[in-house]
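K.L.:
Predicted model, plus sequence, below.
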Amino acid sequence: FLDDVDLFDPLFFGISPREARVIDPQQRLVLELAWEALEDAGIAPGSLAGSDTGVFVGASWSDYSALAHQAAPHLEIGPHVATGMHDSIIANRVSYALGLQGPSMAVDTACSSSLVAVHLACQSLWSGESDLALAGGVTLNLFGPHYLAMNEIGALSPDGRCKAFDARADGMVRGEGAALVVVTPLRVALERGLPVYCLIRGSAVNNDGLSNGLTAPNPSAQEALLRSAYQRADLSPWLVDLCG
């Protein structure tokens, strides 16, 4: 769990304290991380105003909105409630604050939301739609009933430990976190002297389709996805180390 998700410096981003009170903490975190990611990349955030910079953020839970609905009789419905709690604004808030005019969207594909956000960012760059992109994801666990719902369908690991790709795998573990990365074509990064942490050679997205349950994985579909990703990246699977 993250500490102090209720704390925020709204004036830094030109947001009034009154509006900040009804802004989903996920929006606040992504705003802060967008600024930090650009600083880490050696890019002055203010220099991107008017650019075709895209923002792609994975977000699949609306806990803050659920809390607000639970407290509806005591919640003052003001002009900032709708934008403060709408998932699309998680990405749009960054574009607005920095004046970015590229694609801006929140992506919800459940557990894969952040990866799909990075995929869409790359697609936007490869197509020339964006010349720079911020991509990542955010999730906060603020609403208890969502835990109960996931437990009822058997999705949570009974011992609170995630054992992905293991024969002992018996469920997921919900946690909180947020991360954003700056993505740009390698040529642009080298020309501008930006730090390069990794190179994305290719990516792919599909769906499990029909399996033995709506939330159950389909091994054949996932194998097809990996084959597609390797083909697009022009890489042989045995060259990739998944244990690093």
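P.N.:
Yes, it's here. Numbering: from 1, shown residues only.
K.L.:
Could you give the separation of stretch 189-198 from the chain centroid?
P.N.:
Per C-alpha atoms, centre = their mean, to the nearest Å, the displacement of stretch 189-198 from the mean C-alpha position of its chain is 22 Å.
K.L.:
contact partners of it?
P.N.:
Residues from elsewhere that reach stretch 189-198, judged by C-beta atoms under 8 Å, 6 or more residues apart in numbering: 40-43, 181-182, 184, 186, 188. For the C-beta atoms, the positions are set from N, CA and C on the backbone; glycine is no exception.
K.L.:
model confidence over it, on average?
P.N.:
Per-residue pLDDT over stretch 189-198 has a mean of 94.
K.L.:
Now that stretch: buried residues?
P.N.:
Within stretch 189-198, the residues that qualify as buried by neighbour count (16 or more other C-beta atoms under 10 Å) are 189, 194.
K.L.:
That stretch: end-to-end distance?
P.N.:
Separation of the first and last residues of stretch 189-198 by C-alpha to C-alpha, to the nearest Å is 11 Å.
K.L.:
on that earlier part again, weed out the non-buried ones from the contacts of stretch 189-198.
P.N.:
Buried positions within these, assessed by neighbour count (16+ other C-beta under 10 Å), are 41, 43, 181-182, 184.
K.L.:
Export those residues to a markdown table and append columns for secondary structure and pLDDT.
P.N.:
As requested, the buried ones among the contacts of stretch 189-198 are arranged in a markdown table below (DSSP: H, G, I helix; E, B strand; the rest coil; pLDDT from 0 to 100):
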| residue | secondary structure | pLDDT |
| --- | --- | --- |
| 41 | coil | 96 |
| 43 | coil | 96 |
| 181 | strand | 98 |
| 182 | strand | 98 |
| 184 | coil | 97 |
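K.L.:
which two from the residues you listed end up farthest apart in space?
P.N.:
The span of these, defined through C-beta to C-beta, is set by 43 and 181 at 12.4 Å.
K.L.:
Quick check: the farthest pair among the contacts of stretch 189-198?
P.N.:
Distances among these were taken as C-beta to C-beta; the most separated pair is 40 and 186, at 17.4 Å.
K.L.:
which residues does residue 228 contact?
P.N.:
204, 206.
K.L.:
what helix or strand does it sit in?
P.N.:
Element membership of residue 228 [criterion: DSSP states H and E] is helix 219-233.
K.L.:
Can you point out the buried residues in that helix?
P.N.:
Those would be 225, 229-230, 233, for helix 219-233 by 16+ other C-beta under 10 Å.
K.L.:
helix/strand/coil for the most centrally placed residue in the chain?
P.N.:
By C-alpha atoms, centre = their mean, the mean C-alpha position of the chain lies nearest to residue 137, the distance being 1.6 Å. At residue 137 the chain is in strand, as set by DSSP: H, G, I helix; E, B strand; the rest coil.
K.L.:
Which pLDDT value belongs to it?
P.N.:
With respect to pLDDT, residue 137 has a value of 97.
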